[in-house]
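S.K.: 3D model of this:
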Amino acid sequence: MSLSNNTIFMPSVLTLLGIPGLESVQCWIGIPFCAMYLIALVGNSLLLLVIKSERSLHEPMYIFLGMLGVTDIALATCIVPKMLGIFWFHVPEIYFDSCLLQMWLIHTFQGIESGILLAMALDRYVAICYPLRHSAIFTHQLVTQIGVVVVLRPAVLVAPFLVMIKCRLWFYHTTVISHTYCEHMALVKVAAGNVQVNKIFGLFVAFTVAGVDLILIILSYFLIFVTVFRLPQKEARLKAFNTCIAHICVFLQFYILAFFSFFTHRFGSHIPPYIHILFSSIYLLVPPFLNPLVYGAKTKQIRIHLVKMLCS
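M.R.: The predicted model follows:
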């Protein structure tokens, strides 16, 4: 490995540029990002409060929804405060270890969100295809076990990123990262030497988590639709389909944004960098912002209890 004279050995501090090319308007870009963050905090907090206070909502579907709300709050909080610090207060510096921690938290919460969406799809599959066995299958013990697996799987799979970067990538071309947050590929790109192993491992983890989850979710909804369309009564078909509308909306917006960001980041070399960074930032903020709005509007039980709670 040949190193130039400008190569930096294990920098203690890194600099996040924000959105290169849009520096002059970053202060204005921060306003909608801050608004989305505040709505995400309030919306998900209200969702959690409704689910916790209403015993009738202590069912697997709403427990998974509560887990999704906690994950959304944590994911948005990992990103937005530092992002606004860059945009509004011109504080781009971040300690190297803090950068690694932020990277681990972001990718872990992304994996948790993907796992929760899979758990919700499986719950709807059993509820619609095997309604008489749903309560016997999705016991509180199974829901707890699913929750533990959903959290530990990405946490364990993403952890080697930290070890590989800390122990193998010692030299860096620059300490400046052209991004609003510490993302695996953005950090690897500024490293000197052979980073191919990190890239390959990143693709492997992405497929293991998001790829497998996506395949299973699509399979679950395919079987659900087959079962729904076989129901003899139109009212029964509509009722079964309505229970899945919110889940499908959340699933589509999460994965469409995820894959758009993934493919443009890796294969869209002709696209201006600020487009990459802007969309990757939006991709992480839109799900926490939209999820409580979608479930609040499309889930009748939550809507009723929310109105009751606010009017009491």
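S.K.: From what I see, residue 17 and residue 177 are in contact.
M.R.: Yes. Assessed by CB atoms under 8 Å, residue 17 is found in contact with residue 177 at 6.8 Å. In short, each C-beta sits where N, CA and C put it, glycine included.
S.K.: okay, the two: which has more neighbours?
M.R.: When residue 17 and residue 177 are compared for neighbours, residue 177 comes out ahead with 22 against 17, by other CB atoms under 10 Å.
S.K.: ok, now how distant is that one from residue 307?
M.R.: 45 Å (CB to CB, to the nearest Å).
S.K.: And for residue 108?
M.R.: On the measure of CB to CB, residue 108 and residue 307 end up 35 Å apart.
S.K.: Neighbour count for those two, which is higher?
M.R.: For residue 108 versus residue 307, neighbours defined as other CB under 10 Å are more numerous around residue 108 (25 against 12).
S.K.: who's in contact with stretch 84-97?
M.R.: 10-18, 26-27, 29-30, 33-34, 82, 102, 180, 182 (CB atoms under 8 Å, 6 or more residues apart in numbering).
S.K.: any low-confidence regions in this structure?
M.R.: Within the chain, the stretches with pLDDT under 70 are 1-5, 193-199, 201, 262-269.
S.K.: That one: helices as residue ranges?
M.R.: Ranges of helices in the chain, per DSSP state H, are 26-53, 60-89, 96-129, 134-137, 140-168, 184-189, 196-206, 212-230, 234-267, 273-298, 300-311.
S.K.: Just the buried positions in stretch 93-108, please.
M.R.: 94, 96, 99, 100, 102, 103, 104, 105, 106, 107, 108 (16 or more other CB atoms under 10 Å).
S.K.: Surely the fifth one and residue 181 touch.
M.R.: Yes. In this structure, residue 102 is within contact of residue 181 by CB under 8 Å, at 6.2 Å.
S.K.: centroid residue for the protein?
M.R.: Nearest residue to the geometric centre of the chain (CA atoms, centre = their mean): residue 110, 3.3 Å.
S.K.: how about that one, what does it touch?
M.R.: Neighbour list for residue 110: 75, 154, 209, 210, 258, 284 [criterion: CB under 8 Å, 6+ apart].
S.K.: can I assume the fifth one is in contact with residue 283?
M.R.: Yes. With contact taken as CB under 8 Å, residue 258 and residue 283 are classed as touching, separated by 6.4 Å.
S.K.: and the gap between residue 109 and residue 88?
M.R.: For residue 109 relative to residue 88 (CB to CB), the value is 24 Å.
S.K.: should've said residue 172
M.R.: From residue 172 across to residue 88, the span is 27 Å (CB to CB).
S.K.: which one of these two has more residues nearby?
M.R.: Neighbour totals were compared for residue 172 and residue 88, and residue 172 leads with 21 against 13 (other CB under 10 Å).
S.K.: Quick one: residues contacting that one.
M.R.: Here residue 172 is in contact with 7, 8, 11, 190, 191, 192 (criterion: CB under 8 Å, 6+ apart).
S.K.: if we go to 10 Å?
M.R.: Listed by CB atoms under 10 Å, 6 or more residues apart in numbering, the contact partners of residue 172 are 6-11, 14, 96, 187, 190-193.
S.K.: Make a ChimeraX selection of whichever of those residues turn out to be buried.
M.R.: Per 16+ other CB under 10 Å, the buried members of the contacts of residue 172 correspond to this ChimeraX selection:
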select :7,11,14,96,187,190,191,192
